[in-house]
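Participant: here's my sequence, what's the structure:
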Amino acid sequence: MPVTIPATKISGIGLATTAVAKQFEHLVREFPDIRDVHRWGTLNLQLDYPLRILNPDFTSTPVEWDPGFVERFSLTRIGLEPVGAKPQPAWVYVAHRSPHRANTLFIELLTATLAVKNGDRFLVHLPDYRYSSVIVL
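Facilitator: Residues are numbered from 1 along each chain as shown. Presented below is the predicted three-dimensional model:
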């Protein structure tokens with residue numbers, strides 16, 4: 001049975017606005033499923049319940065996305081539903097050196113461009129929890 005976690009759109013620290021663009025070609029080369037996502041940042045959500053992803057769908061090789069700054073990235077497929085709108089695919093994006101990584105109530109997403117503002121509500125649809133590698137705490 002799939003798991004759904006309500007969430008709220010919040011602001012991040014602003015780094016993903018340029019960082020994802022620098023990482024994008026490398027990530028798409030290794031994980032082409034994300035080729036159609038918005039490449040100029042992430043969608044940041046505050047979850048109503050904590051989430052820990054133990055085994056993501058994909059983890060990159062090390063990427064030197066800024067001179068001297070090497071990092072790995074993990075992606076996990078989810079369904080994203082803006083409340084009152086049509087669900088769409090999205091990927092939980094985890095930069096392994098991000099200060100957000102340890103926060104189980106915060107996720108960054110790669111998805112299509114959305115017209116959203118802080119405070120907008122979403123439903124995050126996780127795969128069948130019996131077979132997935134996510135834990136809702």
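Participant: which parts of the protein are strands?
Facilitator: 3-9, 43-47, 51-53, 58-59, 63-66, 69-71, 73-82, 88-95, 106-111, 121-126, 134-136 (DSSP state E).
Participant: which stretch in those is the model least sure about?
Facilitator: The minimum mean pLDDT among those belongs to strand 134-136 (a mean of 64).
Participant: what pLDDT does the model give P99?
Facilitator: Among the per-residue scores, P99 holds a pLDDT of 83.
Participant: how about L137?
Facilitator: 61.
Participant: so which of the strands of the chain gets nearest V37?
Facilitator: The minimum distance between V37 and these falls on strand 106-111, with 4.3 Å, by CB to CB. For the C-beta atoms, the positions are set from N, CA and C on the backbone; glycine is no exception.
Participant: quick one: distance of the closest one to the chain centre.
Facilitator: Put simply, strand 106-111 sits 3 Å off its chain's centre (CA atoms, centre = their mean, to the nearest Å).
Participant: contacts for that strand next, please.
Facilitator: With CB atoms under 8 Å, 6 or more residues apart in numbering as the test, strand 106-111 has contacts from 7, 10, 12, 16, 20, 34, 37-38, 42-47, 51, 75, 78, 80, 88-95, 98, 100, 124.
Participant: isn't E71 up against Y93?
Facilitator: No: using CB atoms under 8 Å, E71 is not in contact with Y93; the gap is 11.9 Å.
Participant: who has more neighbours, these two?
Facilitator: Remark: of E71 and Y93, Y93 carries more neighbours, 24 against 16, as counted by other CB atoms under 10 Å.
Participant: quick check: buried residues in stretch 56-63?
Facilitator: Within stretch 56-63, the residues that count as buried by 16 or more other CB atoms under 10 Å are 56-57, 60, 63.
Participant: which of those sits closest to L27?
Facilitator: Minimum distance to L27 across these is 6.1 Å, recorded for S60 (CB to CB).
Participant: how much space between that closest one and D33?
Facilitator: 13 Å (CB to CB, to the nearest Å).
Participant: distance between the ends of stretch 65-72?
Facilitator: 10 Å (CA to CA, to the nearest Å).
Participant: does A16 really touch G41, like I thought?
Facilitator: Yes: A16 is within contact range of G41, at 4.6 Å (criterion: CB under 8 Å).
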